[in-house]
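Engineer: compute the structure for the input listed below.
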Amino acid sequence: MSRKEDNPRADIYARITDRIVADLERGVRPWVKPWNAANAAGRITRPLRHNGMPYQGINVVLLWSEAVARGFTSPIWMTFKQSLELGGHVRKGESGTMVVYANKITKTETDEHGDEVERAIPFLRAYTVFCVDQIENLPDHYYGRPAPSIAPAQRLAQVDAFFANTDATIRHGGDKAFFAPSLDLIQMPPFESFRDAESYAATLAHECVHWTAPAHRANRDLSRYAKDRSERAREELVAELGACFLSADLGIVPELEPRADHASYLASWLEVLSNDKRFIFSAAALAQRAVAYLHDLQPKPAEIDEAA
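Structural biologist: Numbering: from 1, shown residues only. Purely as a prediction, here's the structure:
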């Protein structure tokens, strides 16, 4: 056995991707958090660190998936050391959940001209976190279910304002939702054709992630989207992830059922993920970048104060 094979950390990419592939083969999309009645009673959110900061990218998928599989209801996660620093302790027998941290090292090499050049080498480091559900004796506020911060009608009004602030061209009509790159517009079915306002918003979030693709926005190449099934599946996975991240950020319930036009992508996703162990990481990173771009289009607090 090689040293690489003997190292349990040798291929974090493969370990995580294989787990996601196994979920997909069981018909479970691990990036869709099922907001059941118990979970929806509190504030919908991404997984949170001990200090309240949200996780990003692939860690959102990992922690949502683990919460679903193990029935956790708290959105807050922390390391063993952090729980001790806060006065708590992980219950005996509890197992942690792997998350990852991206970093890079700089290596000096000699190029073809004999000159020394520095090259950045990215790598992933895994570490273990525990859900608050697994930890005892933390300060009381870690265990309280946060009440919804605003009334549903007001929240949806803020969601509408979020999409309006992007200045994306959104047209309504027909029975399909899509982004047309050549016209740079989003086409949505009429509002009344959706199950509810949150389903409409979740679908619009998906199309807005597509809308970020052009070079002057988040810069993803869609030139082969219509010609290459694999490229189309990759972009649809980015949009699916981004829509779920954004739905959580906006406090809306993502669609629980896969879109009819996405059922055909399942086999393609499985094929891409099986052949490229790093793709789910890049897809999550691209989705994170797209969502960050949409957030950056929102008025800053100072601008809101001036408008008031």
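Engineer: would residue 125 count as being in a strand?
Structural biologist: Yes: assessed with DSSP: H, G, I helix; E, B strand; the rest coil, residue 125 lies in a strand.
Engineer: any idea what it is bridged to?
Structural biologist: Beta bridges link residue 125 to residue 101, judged by DSSP bridges.
Engineer: quick check: it touching residue 100?
Structural biologist: Yes: with contact defined as Cβ atoms under 8 Å, residue 125 reaches residue 100; the gap is 6.7 Å. All C-beta spots, glycine's among them, are computed from the backbone N, C-alpha and C.
Engineer: so between those two, which is more surrounded?
Structural biologist: residue 100 (18 against 11; other Cβ atoms under 10 Å).
Engineer: what residues of the host helix or strand of residue 293 count as buried?
Structural biologist: Per DSSP states H and E, residue 293 falls inside helix 279-296. For helix 279-296, burial by neighbour count (16 or more other Cβ atoms under 10 Å) applies to 279-281, 283-291, 293-294.
Engineer: same check, this time on stretch 174-185
Structural biologist: 177, 179, 185.
Engineer: repeat for stretch 124-140
Structural biologist: Neighbour-count burial for stretch 124-140 [16+ other Cβ under 10 Å]: 124, 129, 130, 131, 132, 133, 134, 135, 138.
Engineer: which ones are touching the fifth one?
Structural biologist: When contacts are counted by Cβ atoms under 8 Å, 6 or more residues apart in numbering, residue 132 touches 74, 76, 77, 78, 138, 142, 143.
Engineer: show me those that map onto strands.
Structural biologist: 77, 78 (DSSP state E).
Engineer: and the contacts of residue 132 as TSV, adding pLDDT and distance to residue 234?
Structural biologist: Output for those, formatted as TSV (pLDDT from 0 to 100; distance: Cβ to Cβ, whole Å):
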residue	pLDDT	distance to residue 234
74	90	33
76	94	32
77	97	28
78	98	33
138	96	40
142	93	38
143	90	40
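Engineer: pipe the contacts of residue 132 into a markdown table and attach distance to residue 67 per row.
Structural biologist: Listed next are these as a markdown table, based on distance: Cβ to Cβ, whole Å:
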| residue | distance to residue 67 |
| --- | --- |
| 74 | 8 |
| 76 | 11 |
| 77 | 9 |
| 78 | 14 |
| 138 | 17 |
| 142 | 15 |
| 143 | 16 |
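Engineer: understood, closing this out.
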